[in-house]
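Visitor: structure for the following, please:
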Amino acid sequence: MVRDLFGIDVRSLAVFRVSLGVVLCWDLFDRMLGIEAHYTQDGLVPAKLLQALSVRPVYSLHLFSDTLNFQVLLFAVASAAALMLLLGWRTRVATLVSFVLILSMHSRNPLTLHHGDTLLRVLLMWGVFLPLGARASVDARRSLAATVASPVLSIGSAALMLQGFFVYLIATISKLQYDSWWDGRALYAVVHKASYVRPLGEYLAQFPEVLELFSHATLFVEGAIPVLFFSPWKRNGCRVAAVLLGLGLHAGIFAVVDVGTFQPVTALALFPWLPASLWERLGWRLGDVDAKPWRPRWGSQAVAGLLLGYTLISNALAIDVAQRNMPEPLATVGYVLRLDQRWRMFANTDATQQGWWVVTGKLENGAPFDLLHGTPSVSLERPEHYYREMPNMAWRTYWANISNEHYTPFRPAMGRYFCTSWNRNAEPKLRTSAVQVIYVVEHNYKAELGGIVRPRELVTTECGESER
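Guide: Presented below is the predicted three-dimensional model:
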């Protein structure tokens with residue numbers, strides 16, 4: 001019974017591993033676009049400032065040196081480990097190194113993190129406890145893991161499967177706590193958040209009735225997935241149906257809003273649920289005569305069990321709208337390993353704000369200059385297709401966080417960064433003597449509101465001589 005519920009077919013593990021490696025490579029390449037801004041001393045979140053403002057000590061390899069060269073070196077090692085994971089070469093080592101470096105990178109700059117980063121991190125963590133290289137890998141071809149029989153059953157396999165279950169279950173329960181999902185207003189609010197909506201979402205915003213239907217469909221599909229995972233009736237077929245529903249859901253969301261790697265990462269959590277019968281029907285047969293059951297070491301089982309226990313508690317606490325915190329000293333452990341999970345994505349859509357940012361430089365002659373667009377005309381008007389103006393989700397998440405009052409102490413560093421980065425490459429006549437950052441908030445997530453715009457200054461910084 002337990003094997004049927006929590007045993008993972010080795011072919012499903014292979015698909016999970018390859019997909020995880022692809023997404024990890026994508027994420028690392030994407031973050032390289034902002035490596036200087038997000039991970040160096042001259043960037044938006046200097047290491048000394050981060051450590052000074054953190055409630056608890058920050059443990060990160062990326063804090064050993066704040067130079068650009070050192071950060072590039074760590075990214076190169078992480079990319080090599082991700083590629084090794086994708087190929088299944090020295091898989092266990094590659095998975096562990098990837099987890100440690102992703103954990104370190106996330107701890108270095110929490111202002112750029114979103115739910116997809118949390119899930120990517122914990123999926124890598126569970127992968128450390130599993131034979132991800134058992135099939136379709138360099139390790140298997142070299143006979144390093146080919147004797148592993150299917151299915152793989154351990155605390156690690158149960159944890160990996162339950163991780164996906166928790167994501168959909170908590171996300172559904174969270175949405176059910178808000179009226180906007182019951183009455184179908186939810187997606188209308190979502191597609192009006194200018195910082196990440198795609199053109200298709202902007203087009204659908206013209207059809208509130210269609211969005212109401214999609215809101216109810218999203219809630220139904222998201223809620224059906226965890227039920228189908230544990231269906232006692234035709235379990236294998238129900239699990240395949242759950243995976244297909246999930247992939248369809250994420251493809252639809254990906255087409256409407258740009259939330260970076262979040263949708264692909266969430267899709268990864270579905271693959272361990274794929275049953276052996278699917279691969280047999282597709283013609284992928286094992287045919288291992290000498291394969292033996294995989295038996296993990298008791299020490300790794302114990303660690304996985306403790307981590308799973310923490311995950312259970314964290315997800316249980318996340319159901320409460322008040323989002324109660326983990327009791328000490330568990331909270332410290334969770335902080336260091338970044339284990340806390342709150343899958344409340346798009347839950348309270350009535351609190352949704354759409355906003356955009358304006359960064360204005362003051363030229364030596366006193367004229368204003370738009371530093372984000374590199375134009376002399378500065379406008380507070382809502383830009384068209386604003387999501388395209390941000391390089392990636394890490395930048396959009398940073399902007400969303402820095403607009404929160406909680407991160408006010410980081411704003412002076414933001415002003416200094418724009419002074420330095422702009423003046424370093426600008427022509428002498430376009431160098432700025434001061435920088436002002438404004439966040440323009442527009443409340444129009446309900447049809448009866450005609451768009452209430454409130455510009456809010458985040459910071460004004462005088463550029464010193466060294467920054468010109």
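Visitor: can we go C-alpha only for contacts and neighbour counts from here?
Guide: OK.
Visitor: what about the strands in this structure?
Guide: Listed in chain order, the strands found in the chain under DSSP state E are 354-363, 368-370, 432-443, 452-462.
Visitor: quick one: contacts of the shortest one?
Guide: By CA atoms under 8 Å, 6 or more residues apart in numbering, the residues outside strand 368-370 that reach it are 358-363, 375-378.
Visitor: most neighbours, which of the residues you listed?
Guide: Counting neighbours by other CA atoms under 10 Å, Gly361 comes out on top of the contacts of strand 368-370 with 32 neighbours.
Visitor: what sits closest to that one if chain neighbours are left out?
Guide: With CA to CA, 6 or more residues apart in numbering as the measure, Val435 is the residue that lies nearest to Gly361, at 4.5 Å, once sequence neighbours are left out.
Visitor: list the helices and strands the lowest-mean-pLDDT helix or strand in the chain packs on?
Guide: When each helix and strand of the chain is scored by mean pLDDT, DSSP states H and E, helix 2-6 comes last, with a mean of 81. Other helices and strands packing on helix 2-6, by 3 or more CA pairs under 8 Å, 6 or more residues apart in numbering; DSSP states H and E, are helix 155-175.
Visitor: okay, now the unreliable bits of this structure?
Guide: Applying pLDDT under 70 to the predicted model, the residue ranges of the chain that meet it are 144-147, 194, 288-290, 321-324, 352-353, 385, 387, 443-452, 465-468.
Visitor: now the farthest one out in it, which residue is it?
Guide: Of all residues in the chain, Asn365 sits farthest from the chain's C-alpha centroid, using CA atoms, centre = their mean; the distance is 43.0 Å.
Visitor: against Asn392, how distant is it?
Guide: 33 Å (CA to CA, to the nearest Å).
Visitor: same check on Glu381?
Guide: Distance, Glu381 to Asn392, by CA to CA: 22 Å.
Visitor: which of those two has more neighbours?
Guide: Asn392 (20 against 10).
Visitor: quick check: closest non-adjacent residue to the most centrally placed residue in the chain.
Guide: In the chain, the C-alpha nearest the mean C-alpha coordinate belongs to Gly116, at 1.9 Å (CA atoms, centre = their mean). With CA to CA, 6+ apart as the criterion, Gly116 has its nearest non-adjacent residue at 4.0 Å, and that residue is Phe262.
Visitor: number of residues surrounding the one you found?
Guide: A count of nearby residues for Phe262, using other CA under 10 Å, gives 20.
Visitor: from Ala186, how far out is it?
Guide: Counting by CA to CA, the gap between Phe262 and Ala186 amounts to 19 Å.
Visitor: how about Ala78?
Guide: The span separating Ala78 from Ala186 equals 38 Å under the rule CA to CA.
Visitor: higher neighbour count, these two?
Guide: Set side by side, Ala78 and Ala186 show unequal neighbour counts under other CA under 10 Å, the larger going to Ala186 at 28 against 23.
Visitor: what sits against Asp340?
Guide: Taking CA under 8 Å, 6+ apart as the definition, contacts of Asp340 comprise 311, 314-315, 334.
Visitor: how far away is it from Thr95?
Guide: With the distance defined as CA to CA, Asp340 ends up 20 Å from Thr95.
Visitor: with the contacts of strand 368-370 in mind, which one is nearest to Leu213?
Guide: Distance to Leu213 across the contacts of strand 368-370 (CA to CA) is lowest for Val358, with 35.2 Å.
Visitor: name the nearest residue to that closest one, sequence neighbours excluded.
Guide: With CA to CA, 6+ apart as the measure, Ile438 is the residue that lies nearest to Val358, at 5.1 Å, once sequence neighbours are left out.
Visitor: repeat that for Pro455.
Guide: Closest residue to Pro455 in three dimensions, ignoring its sequence neighbours and counting by CA to CA, 6+ apart: Val440, at 4.2 Å.
Visitor: number of nearby residues for that neighbour?
Guide: Residues within reach of Val440, counting by other CA under 10 Å, total 20.
Visitor: who does it form a beta bridge with?
Guide: Partner residues in beta bridges with Val440: Trp356, Pro455, with DSSP bridges as the criterion.
Visitor: unless I'm mixing things up, it is touching Val453, no?
Guide: Yes. In terms of CA atoms under 8 Å, Val440 counts as a neighbour of Val453; the distance is 6.8 Å.
Visitor: in stretch 342-356, which residues are buried?
Guide: Of the residues in stretch 342-356, those buried by neighbour count under the rule 16 or more other CA atoms under 10 Å are 342-344, 346-350, 352-356.
Visitor: CSV for those residues, including distance to Glu457?
Guide: Formatted as CSV, the entries for these read as follows, by distance: CA to CA, whole Å:
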residue, distance to Glu457
Arg342, 30
Trp343, 31
Arg344, 29
Phe346, 26
Ala347, 28
Asn348, 26
Thr349, 25
Asp350, 24
Thr352, 20
Gln353, 16
Gln354, 16
Gly355, 13
Trp356, 12
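Visitor: for Leu20, state which of these is nearest.
Guide: Sorting the buried residues of stretch 342-356 by how near they are to Leu20, with CA to CA, puts Trp343 at the top with 19.6 Å.
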